[in-house]
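**Q** Build the 3D model from these lines:
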Amino acid sequence: VDHTTTGVTAAVTEPVDVVLNLAPVTPDELASLITLVRPGGVVVNTTVWMPAPSDEERGVRGIDLFVRSDADQLAQLVAQIDRGELRVDVAERVPLAELPALHARAADGAVHGKVIVVPPAA
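**A** Take a look at the predicted model:
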């Protein structure tokens, strides 16, 4: 979405499963994003100064996601990977186009392990 010409709520014409907000927006802008989420979906917000909105009536959850940038901790993780002490087993890779099917399988309890979603090549 080109935010300089179109607002997100105008650009998104169908309900979505997830809204991921990574930008510092106004509380009103963040609250308006919940209208884009289909029942049972989620709004994930990474801005630390305002909470993610939720809509209990429609089962839309609001999740606040915070990370701590810690170069030393990241360097330790890299060292553990290099030494073979830390490993992430990837169960499968799926193309981005198959994401709806992956979500359906997950809802049925048929996804086990980590899944990498691969975007199309540019």
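**Q** Residue 60: neighbour count?
**A** The burial count assigned to residue 60 is 21, neighbours taken as other CB atoms under 10 Å. Glycine gets a C-beta too; all of them are placed from N, C-alpha and C.
**Q** partner strands of the biggest strand by length in the chain, parallel or antiparallel?
**A** Scanning the chain for the strand with the most residues, using DSSP state E, yields strand 37-45. Strand 37-45 sits in its sheet next to strand 16-21 (parallel), strand 61-64 (parallel), going by DSSP bridges.
**Q** What are the buried residues along the longest one?
**A** Of the residues in strand 16-21, 19, 21 count as buried by neighbour count, 16 or more other CB atoms under 10 Å.
**Q** and whichever helix or strand comes after that strand, what other elements does it pack with?
**A** Downstream of strand 16-21, the next assigned helix or strand under DSSP states H and E is helix 27-33. Helices and strands touching helix 27-33, by 3 or more CB pairs under 8 Å, 6 or more residues apart in numbering; DSSP states H and E, are helix 8-11, strand 16-21, strand 37-45.
**Q** Extract the C-alpha set from the longest one and format it as PDB.
**A** As requested, the backbone C-alpha atoms of strand 37-45 are provided in PDB (Å, rounded to 0.1, in the frame of the first residue of the first chain):
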ATOM      1  CA  VAL A  37      -9.800  -8.300  10.100                       C
ATOM      2  CA  ARG A  38     -12.300 -11.200   9.500                       C
ATOM      3  CA  PRO A  39     -13.900 -12.800  12.600                       C
ATOM      4  CA  GLY A  40     -11.400 -14.900  14.500                       C
ATOM      5  CA  GLY A  41      -8.400 -13.000  13.100                       C
ATOM      6  CA  VAL A  42      -5.800 -11.000  14.900                       C
ATOM      7  CA  VAL A  43      -4.200  -7.500  15.000                       C
ATOM      8  CA  VAL A  44      -0.500  -7.600  15.900                       C
ATOM      9  CA  ASN A  45       1.000  -4.300  16.900                       C
END
